[in-house]
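J.: return a 3D structure for these sequence lines:
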Amino acid sequence: RYGLSSKNTSPKDIYAVYQMLETNPKHNFTIGIIDDVNHTSLKTVDYDISLPGTEMQIYGFGSDGMVSASKDIMHILGEEYYVQGYFEYDSKKSGGVTISHLRFGSEKILAPYSITNAHLVVVTKDEYFKKYPVLEHIKENGILLINTKEEKECLSKFTADEIAILEEKQIRILWIDAEKIAEKNHIPGKISKIMEIIILNLLGVKNSYDILKESIEKQFKTKGEDIVKNNQNAIQEATENVRKLMITKQDGTKAKVLSTVIEKMNSRLGNTLTVQDVMDYRTGAFPGGLTKYEKRGTSNRVSKWIKENCIQCGMCSFVCPHAVIRPFLIKEEKGIEAQGAPEYHFIISISEKDCTGCGLCVKVCPGKNGKKALYLGPLENDNEEETTKYFNDYENPKVFPKFTIKGSQLEKPRFEFSGACAGCGETAYIKLLTQLYGSSLVIANATGCSSIYGGSAPSTPYSLSWANSLFEDNAEFSYGIYLSYQNKRNRIKEILEESKESVTDDVKKLYQELLDHFEEPEKTLQLKEELKEREIPKDLQDLIDYVPARIVFAIGGDGWAYDIGFGGIDHVLSSNENINILVLDTEVYSNTGGQMSKSSHTGAVAEFADLGKRTNKKDLFRIAMSYPNCYVASISLGANMMHTLKVMEEAVSHQGPSLIIAYSTCIEHGISGGMSCSLEEQKLAVDVGYVLLMRYKPEEEKLYLDSKTPDFNRYPEFLQREVRYKALAIKNQKMADELLELNQKASEKRYYYYENLVKNKQ
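T.: Here you go, the predicted structure:
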């Protein structure tokens, strides 16, 4: 056995096989894995092959573009040399670790294994020195290139062991503040070309600036001339701002001792784990809610609260994609006096190390007298004790109604610090759902973005019942979960009926209420708490606790709901069972690189639609309305927060299937201004009629068109704010005019269709 779970198989592992064949041949053996349970591992000795040519490792930061830069470097070097590349990614959608293993040389490369002797190691985030073994494979007299804010800050990140390696191997250290250059040239966070020009220079590539300048023109031409110029200006400035870094022995800090499997996995030391180490996790199940211990520090700019300007609205928390900013009502005399609850003080607490710096909270903050209550400031490490105290252990008093913006945000989220992209348009919906229904919620998650940021071992963001199913059958999976709970509920009802005679009259009354309200989560939880205070047999108490009222939600993207899993959704909507479906509609296959889906609009440029999609978006709302007793709604959080709350309440209250279509902005849209403008884009989409806010309530046989009459004159303005539509004009202006006009006409026709339905029902 070798290569299990993508484990590296190195020359020393192969050498161990030949040693075994010579000394003690056997048929059942393992290499690359330390099997201390069945003891099948072969003993290895140091055996290294010095390959001709050059090796390098590039440690990138998810979404900083370093994987694309690495591939571009291979393309450039490949004009003259043989090249090879292996790439490692963690499962974070953005802000995770990427490692590029690159080789090039004048001889053919036959090395199907990771880098072992790196001439050059590039680290784009200095925080990695504290977390990962980035210097493990750097060779003597090698070069270390670091992206860091300043020399002093970088020095504080090195451990004593790393200082020793750097000194012993006489490593040449260079640094640059690529973030500053990117910010100055209006490409914040996009440091890949800045780092690439320096790497090419260090490798001695001739005419590197001209080559990269031309590469930028080809790569970014569909994104606009401004993006091209900004990147070209940035690489020119980068060559003038590389500095040497000098270290001394006293600079190093003590390395953290890693004791648990989860700590080692999060520190990219999973390959050091033995079979015995992971025996407790052999079923594939991991504890939930462990993302709160990661503290990844993915952004140097994080949210800060100015209490004097705060009106206590809770909108900052409502829109936060990563649950890092939260309101608390506390007895301590700090913060500001709580409006509507004068016995408490109000504070906004921000987990800075979990903040991705998207800025949505700052954008949405109304502030006071024209002054915002939030701003983006430097990441500091002095508030972790406070956030741990409130985020982990504190429960807010139940002062305000839950189905309000403020009230909902005083509820503890059961989905926090996910690995989703900064500014993600999907995760705020999920977070809100967990705040409204807590432990009563059970989620069946389709494969896609939501399963990747929702179920990344070892640290998952959910602290409630969650499971992932295949892309094509998630709706059926949720149906099975629902039926299993129904069977358990029915059995509990039987036993409660049988047990009523053996308890007192007041407990009998509570039992009867519990039976009568078994489908109502809030009421059931309340009755269970009352029963806990009574003296009843322990076996009965355990039984009641075993299966609480459960709300089953199937969650997934449009690729699942509109395309591959639509047959399953048809099955569930036809069942008339009380199952809820939340579709996170990005109108594209976001998780796999932006392929066209049946939710994509006419004229949208995506993979498999390079010259724009030729057919219009599938109308899932209209289809779902045709099922008997199916509640259907279309929402856009940035357009109307209260509407989103109302829909989630109505969907769960409805006795029968429900379908919520949640318009979700995505990095694949290429929004002008980036994902920090996600909320404005969600609002503009509704204002111009691209998205409609509406609800169909089958018990009333009535459609509610909740958004205002669209301003279709502004429709082209919306389309021109996104690269997925702008790109078509750069490729073919005539085709763009034709397809985008069809896009608008389809939206107009759709609006008037629903408007007529509303009028005809009145």
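
J.: shaky segments in this protein?
T.: For the chain, residues meeting the criterion pLDDT under 70 lie at 5, 48, 248-257, 496, 500, 515, 518-521, 537-549, 762.

J.: in it, which helix is the longest?
T.: When secondary structure is assigned using DSSP state H, the longest helix within the chain turns out to be helix 733-761.

J.: what residues of that one count as buried?
T.: Of the residues in helix 733-761, those with enough neighbours to count as buried (16 or more other Cβ atoms under 10 Å) are 736, 739-740, 742-744, 746-747, 750-751, 754-755, 757. Heads up, the C-betas are built off the backbone N, CA and C, glycines and all.

J.: host element of Asn231?
T.: When elements are assigned from DSSP states H and E, Asn231 belongs to helix 225-238.

J.: other SSEs contacting that helix?
T.: helix 178-184, helix 192-202, helix 208-220 (3 or more Cβ pairs under 8 Å, 6 or more residues apart in numbering; DSSP states H and E).

J.: is the residue nearest the centre of the chain part of a helix or strand, or is it coil?
T.: In the chain, the C-alpha nearest the mean C-alpha coordinate belongs to Ala420, at 1.3 Å (Cα atoms, centre = their mean). Look at Ala420: counting by DSSP: H, G, I helix; E, B strand; the rest coil, its state is coil.

J.: show me the contacts for the closest residue to it other than its chain neighbours.
T.: Once its chain neighbours are removed from consideration, Ala420 has its nearest residue in Tyr453; the separation is 4.1 Å (Cβ to Cβ, 6 or more residues apart in numbering). Shown here is Tyr453, whose contacts under the criterion Cβ atoms under 8 Å, 6 or more residues apart in numbering are 91-93, 418-420, 424, 427, 461.

J.: ok, back up a step: tell me the one among the buried residues of helix 733-761 nearest to Thr239.
T.: The shortest separation between Thr239 and any of the buried residues of helix 733-761 is 36.9 Å, and it belongs to Ala736 (by Cβ to Cβ).

J.: thought that closest one was touching Leu728?
T.: Yes. When contacts are counted by Cβ atoms under 8 Å, Ala736 is listed as touching Leu728 (4.0 Å).

J.: what residues are shared contacts of the two?
T.: Any residue near both Ala736 and Leu728 by Cβ under 8 Å, 6+ apart counts here, and that gives 603, 612.

J.: buried sites along stretch 619-628?
T.: Buried residues in stretch 619-628, counting neighbours by 16+ other Cβ under 10 Å, are found at 619-621, 623-625, 627.

J.: now render the residues you listed as a markdown table, adding secondary structure and distance to Tyr589.
T.: Shown next, in a markdown table, are these (DSSP: H, G, I helix; E, B strand; the rest coil; distance: Cβ to Cβ, whole Å):
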| residue | secondary structure | distance to Tyr589 |
| --- | --- | --- |
| Asp619 | coil | 19 |
| Leu620 | helix | 16 |
| Phe621 | helix | 20 |
| Ile623 | helix | 20 |
| Ala624 | helix | 21 |
| Met625 | helix | 25 |
| Tyr627 | coil | 26 |
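
J.: return the member of the residues you listed nearest to Glu308.
T.: So of the buried residues of stretch 619-628, ranked by how close each gets to Glu308 (Cβ to Cβ), first place is Phe621, at 44.3 Å.

J.: run through the residues that contact the closest one.
T.: With contact set as Cβ under 8 Å, 6+ apart, Phe621 has these partners: 632, 634, 661, 694, 696.

J.: what's the farthest-apart pair in the residues you listed?
T.: Considering Cβ to Cβ, no two members of the contacts of Phe621 lie farther apart than Ile661 and Tyr696, which are separated by 11.2 Å.

J.: which residues do those two both contact?
T.: The overlap between the contact sets of Ile661 and Tyr696 (Cβ under 8 Å, 6+ apart) consists of 621, 632-633.

J.: out of the residues you listed, which comes closest to Asp126?
T.: For those, the minimum distance to Asp126 (Cβ to Cβ) is 45.9 Å, reached by Ala633.

J.: secondary structure class for the nearest residue to Ile115 once chain neighbours are set aside?
T.: In space, not counting the residues next to it along the chain, Ile115 is nearest to His101; the distance is 4.4 Å by Cβ to Cβ, 6+ apart. Under three-state DSSP, His101 falls in the strand class.

J.: count the neighbours of His101 for me.
T.: Burial measure for His101: 22 neighbouring residues, criterion other Cβ atoms under 10 Å.

J.: same check on Gly289?
T.: 17.

J.: ok, now how distant is the nearest residue to it once chain neighbours are set aside from Gly656?
T.: Take Gly289 and drop its neighbours on the chain: the residue closest to it by Cβ to Cβ, 6+ apart is Ser463, 3.3 Å away. For Ser463, the distance to Gly656 equals 29 Å [Cβ to Cβ, to the nearest Å].
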